[in-house]
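[1] Just need the structure, nothing else, for what follows:
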Amino acid sequence: MSLEQQLAAIAQYLKEFGQSIAVEKDAAGVTLEQHSPRKGVVYTRLRARKGKVLSNGKRTMTLDAKEAAAWAQRIHERNQQAKVDHCLSLIQQTGKLASEIDWQGRDFSTVVNNKNNFTTKRTEDASSTDSDKPKLTIKYVLKNAKGATAINRIVHAIAEDEPSYGRWYSPALCGARPKAGSWGWRTCDPSEFDCPKCHQKLKLLN
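    Next comes the predicted model:
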């Protein structure tokens, strides 16, 4: 099976998988947050994005534990579908590029499947001149943490430790910074890392 055929098969699988995820319309543009109106009191509430209101006619709605769990599941399914759609788009772009490459006379039988995703570890080499260079501490963060969702966020890599207090405004590898007056960076799962400029910088550093 050619590379183009394999990519087409993966794209078809992703398309069918994405269609199998049941996403409710009211899960679009909402987030869960912990709210503390006064010291010692914390509860979960649902927040709609700007310009949208919830079923109570407001942008926020207090939830009990059962309602919060149900909304968490809806939002999880929405985010999963967004990730699948993003992955499908990347596979389709890769398939298009692959179809434009002249593969004749090339031997790719020794291609290695490298499972070390976005790591800054270097292979130890006794003759390496990089042994004295400081190693990067990569954190994965959301741009403009306040209100960021799987739809509108960009996940950057940052080569500094998160501060023990205060807000986190250090520049990402690509040079991006949170907007002034925002809540700064927020850590997230490395699998969500998707800034192409940060990714390219990581490749150059490795």
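[2] tell me the secondary structure for residue 172?
    Look at residue 172: counting by DSSP: H, G, I helix; E, B strand; the rest coil, its state is coil.
[3] Excluding chain neighbours, what is closest to it?
    Setting aside the residues directly before and after it, residue 172 is nearest to residue 156 in space (Cβ to Cβ, 6 or more residues apart in numbering), at 3.6 Å. Using the backbone N, CA and C atoms, a C-beta is placed for each residue, glycine as well.
[4] helix/strand/coil for the one you found?
    Under three-state DSSP, residue 156 comes out as strand.
[5] and what of residue 4?
    Taking three-state DSSP, the label given to residue 4 is helix.
[6] Next up, the contacts around it.
    The contact partners of residue 4, by Cβ atoms under 8 Å, 6 or more residues apart in numbering, come to 95, 98-99.
[7] Drop anything exposed from those.
    residue 95 (16 or more other Cβ atoms under 10 Å).
[8] Please determine how far residue 185 is located from residue 76.
    23 Å (Cβ to Cβ, to the nearest Å).
[9] who has more neighbours, the two?
    residue 185 (27 against 13; other Cβ atoms under 10 Å).
[10] what about that one, distance to residue 45?
    From residue 185 to residue 45 the distance is 23 Å (Cβ to Cβ).
[11] next one: residue 163
    Look at residue 163 and residue 45: by Cβ to Cβ, they are 27 Å apart.
[12] still on that earlier bit, beta partners for the residue nearest to residue 172?
    residue 141 (DSSP bridges).
[13] What count of nearby residues applies to it?
    The number of residues packed near residue 156 is 26, by other Cβ under 10 Å.
[14] For the chain, which segments count as strands?
    Here the chain has its strands, by DSSP state E, at 30-38, 41-48, 60-63, 139-142, 155-158, 186-187.
[15] Of residue 163 and residue 45, which one has the most company?
    Applying other Cβ under 10 Å to residue 163 and residue 45 shows that residue 45 carries more neighbours, namely 18 against 12.
[16] And the more buried one, how far from residue 63?
    6 Å.
[17] start to end distance for stretch 19-32?
    Chord length of stretch 19-32, first to last residue, is 24 Å (Cα to Cα, to the nearest Å).
[18] What average pLDDT does stretch 95-111 get?
    Across stretch 95-111, pLDDT averages out at 67.
[19] now do stretch 62-80
    Across stretch 62-80, pLDDT averages out at 89.
[20] Pull it out as PDB, backbone CA atoms only.
    Below are the C-alpha coordinates for stretch 62-80, written out as PDB (Å, rounded to 0.1, in the frame of the first residue of the first chain):
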ATOM      1  CA  THR A  62     -24.400  27.500  39.000                       C
ATOM      2  CA  LEU A  63     -24.200  23.700  38.800                       C
ATOM      3  CA  ASP A  64     -24.600  21.000  41.400                       C
ATOM      4  CA  ALA A  65     -22.200  18.000  41.400                       C
ATOM      5  CA  LYS A  66     -24.400  15.900  39.100                       C
ATOM      6  CA  GLU A  67     -24.900  18.700  36.600                       C
ATOM      7  CA  ALA A  68     -21.200  19.600  36.700                       C
ATOM      8  CA  ALA A  69     -20.200  15.900  35.900                       C
ATOM      9  CA  ALA A  70     -22.700  15.900  33.000                       C
ATOM     10  CA  TRP A  71     -21.400  19.100  31.500                       C
ATOM     11  CA  ALA A  72     -17.800  17.900  32.000                       C
ATOM     12  CA  GLN A  73     -18.600  14.900  29.800                       C
ATOM     13  CA  ARG A  74     -20.300  17.100  27.100                       C
ATOM     14  CA  ILE A  75     -17.300  19.400  27.000                       C
ATOM     15  CA  HIS A  76     -14.900  16.500  26.900                       C
ATOM     16  CA  GLU A  77     -16.700  15.000  23.900                       C
ATOM     17  CA  ARG A  78     -16.700  18.400  22.200                       C
ATOM     18  CA  ASN A  79     -12.900  18.800  22.800                       C
ATOM     19  CA  GLN A  80     -12.300  15.300  21.500                       C
END
